[in-house]
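Chemist: Let's see this in three dimensions:
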Amino acid sequence: MASVFGDIEIAPPIEVFNLTAQYNEDNHPQKVNLGVGAYRTDEGKPWVLPVVRTVEAQMATDPTQNHEYLPVAGMVDFRAAALKLLLGEDSPAIVENRVEGIQAIGGTGAIRLCADFCKKMLGYDNMYTSSPTWGNHLGIFKSCGYTNVKQYRYWDAQNRTIDFNGMMEDLNAAPEKTVVILHGCCHNPTGTNPSEEQLKEIADLAERKKFMILVDEAYQGFASGNLEQDGFTVRYFVKRGFEFFVSQSFSKNFGLYNERTGNLAIICANKDAKLRVKSQMEMVVRTTWSNSPNHGARIVASVLNNPAYYAEWKEHVKTMSDRIKMMREMLFQKLKSLGTPGKWDHIIEQKGMFSFTGLNPAQVDIMIKKYHIYLLKNGRINMCALTTSNMEYVANAIHAAVTECKL
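Modeler: You can find the predicted model right below:
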């Protein structure tokens with residue numbers, strides 16, 4: 001029987017998930033998946049944070065817990081705790097009651113809320129994000145109807161650092177009323193963020209051009225192991241007096257990947273603006289997912305609002321950050337000892353979960369087909385997918401790929 005859906009084109013596969021599917025089908029004994037964007041232990045296993053297990057056990061036996069709807073804007077305790085974590089308890093935005101949080105379906109949902117709101121309520125039609133960036137940035141804004149979705153230069157492939165002059169030139173040419181996405185820390189995929197001095201120049205330009213800044217803060221704590229230090233970008237824009245948005249994700253620093261726990265922070269000029277924005281954001285939520293889930297938000301709120309649990313969680317974050325740094329150092333030293341052609345200092349200079357290795361598509365193809373090591377075609381790898389057990393094999397494969405197929 002013919003189908004009404006028969007003429008619909010098959011959508012292209014989502015690269016990172018397709019890569020994992022290929023990995024799962026591979027029977028090679030030394031296969032390695034460096035593509036998945038999730039923390040792994042040195043045994044290559046997902047890590048459920050001990051403090052999360054503790055809280056979940058308490059939730060399961062708490063007779064006061066139920067499954068009633070949350071407020072449309074989300075769990076009050078969660079939103080307040082998320083904002084304090086992001087901005088600091090003494091933030092002027094919090095003290096002056098001009099910041100609002102809207103619980104979202106992960107960081108992705110928070111970005112979607114921002115895109116939808118800026119399009120419908122503020123009339124924005126332009127969005128600029130870095131090249132390269134997390135692929136969903138482009139898709140979300142296009143799906144919200146933005147007709148001018150562009151990328152500003154960001155990565156200097158030759159020197160393996162930020163192309164700051166190119167970035168500033170492209171942003172200076174952008175029209176006013178543009179949503180500009182910045183990565184708060186641990187830029188995905190390059191692991192490289194602007195310096196404090198460069199951030200000042202970006203803020204000066206954004207102020208002059210009247211940009212709406214959206215900071216994607218998906219990895220707070222993963223860059224340095226210090227939550228306050230990793231919040232510098234957001235806190236700087238608050239200090240400068242900007243009205244802007246921040247997408248918060250608790251997938252990485254709480255390990256709540258499939259709980260989709262996020263928050264959209266909206267920093268406003270005053271309390272009246274905050275109330276107006278919240279009322280309209282609730283309408284966006286109502287017509288998008290209607291009501292947010294409880295489980296992940298309850299975990300985050302329980303940890304952040306309990307001093308003992310909070311202290312334990314900060315140690316967990318440092319454990320993850322330290323392991324990532326150790327893997328960076330080990331890979332760098334292995335490549336150095338092998339005499340691998342090229343400059344590899346960027347491996348230890350980059351921050352966070354991902355490294356933009358500099359491997360080209362042909363070299364990536366060799367890694368996958370010859371060595372069964374799976375990574376994105378742009379050369380991005382998940383540093384914590386490396387372990388003390390597979391490090392030598394991966395380093396040797398990189399050396400072979402680079403030697404066989406030079407840039």
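Chemist: separation between residue 82 and residue 347?
Modeler: To residue 347, residue 82 is 32 Å away according to Cβ to Cβ, to the nearest Å. For every residue, glycine as well, the C-beta is placed using N, CA and C.
Chemist: To clarify, my last question referred to residue 405.
Modeler: 19 Å.
Chemist: what do you get for residue 67?
Modeler: Computed as Cβ to Cβ, the residue 67 to residue 347 distance reads 46 Å.
Chemist: With neighbour numbers in mind, choose between these two.
Modeler: In this view residue 67 and residue 347 are compared by other Cβ atoms under 10 Å, and residue 347 has more residues nearby, 25 against 6.
Chemist: Show the subsequent helix or strand relative to the host helix or strand of the more buried one.
Modeler: Per DSSP states H and E: residue 347 is located in helix 346-349. For helix 346-349, the succeeding helix or strand toward the C-terminus, using DSSP H and E, is strand 354-356.
Chemist: List the buried residues for the helix or strand following that following strand?
Modeler: Following strand 354-356 in sequence order, the next helix or strand is helix 361-371 (DSSP H and E). By 16 or more other Cβ atoms under 10 Å, the buried positions in helix 361-371 come out as 363, 364, 366, 367, 368, 371.
Chemist: What is helix 361-371 packed up against?
Modeler: strand 373-374, helix 391-404 (3 or more Cβ pairs under 8 Å, 6 or more residues apart in numbering; DSSP states H and E).
Chemist: where are the low-confidence patches of the stretch 301-407 of the chain?
Modeler: Filtered on pLDDT under 70, the stretch 301-407 of the chain yields the residue ranges 406-407.
Chemist: Tell me which residue lies nearest the centroid of this protein.
Modeler: The centre of the chain sits closest to residue 218, judged by Cα atoms, centre = their mean, with a distance of 3.3 Å.
Chemist: any idea how far that residue is from residue 174?
Modeler: 23 Å.
Chemist: which residues touch the closest residue to residue 193 other than its chain neighbours?
Modeler: Excluding its sequence neighbours, the residue lying closest to residue 193 (Cβ to Cβ, 6 or more residues apart in numbering) is residue 187, at 5.1 Å. Contact partners of residue 187, counting by Cβ atoms under 8 Å, 6 or more residues apart in numbering, are 130, 154, 193, 352.
Chemist: Make JSON lines out of those and add secondary structure, distance to residue 139 and neighbour count.
Modeler: What follows is those, written out as JSON lines (DSSP: H, G, I helix; E, B strand; the rest coil; distance: Cβ to Cβ, whole Å; neighbours: other Cβ atoms under 10 Å):
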{"residue": "130", "secondary structure": "strand", "distance to residue 139": "15", "neighbour count": "25"}
{"residue": "154", "secondary structure": "coil", "distance to residue 139": "18", "neighbour count": "21"}
{"residue": "193", "secondary structure": "coil", "distance to residue 139": "23", "neighbour count": "22"}
{"residue": "352", "secondary structure": "coil", "distance to residue 139": "22", "neighbour count": "29"}
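Chemist: which one's the longest helix in the protein?
Modeler: Ranked by residue count under DSSP state H, the longest helix found in the chain is helix 307-338.
Chemist: Which residues does residue 180 form beta bridges with?
Modeler: residue 128, residue 213 (DSSP bridges).
Chemist: just the helices in the stretch 51-200 of the chain please.
Modeler: For the stretch 51-200 of the chain, helices defined by DSSP state H, counting those that start in this stretch occupy the ranges 76-87, 92-95, 106-120, 136-143, 164-172, 196-209.
Chemist: ok, and what's touching the longest one?
Modeler: By Cβ under 8 Å, 6+ apart, the surrounding residues in contact with helix 106-120 are 102, 104, 124-125, 127, 136-137, 140-141, 144-146, 179, 212, 214, 216-218, 245, 247-249, 251, 260-264, 277, 280-281, 284-285, 288-289.
Chemist: Let's see the PyMOL selection covering just the buried ones among these.
Modeler: Listed next is the PyMOL selection for buried residues among these, using 16+ other Cβ under 10 Å:
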select buried, resi 102+104+124+125+127+137+140+141+144+146+179+212+214+216+217+218+245+247+248+249+251+260+261+262+263+264+277+281+284+285
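Chemist: Please flag which of the contacts of helix 106-120 sit within strands.
Modeler: Among those, the members falling in strands (DSSP state E) are 102, 104, 127, 179, 212, 214, 216-217, 245, 247-249, 261-264.
Chemist: Return the closest of these with respect to residue 386.
Modeler: residue 249 (22.5 Å; Cβ to Cβ).
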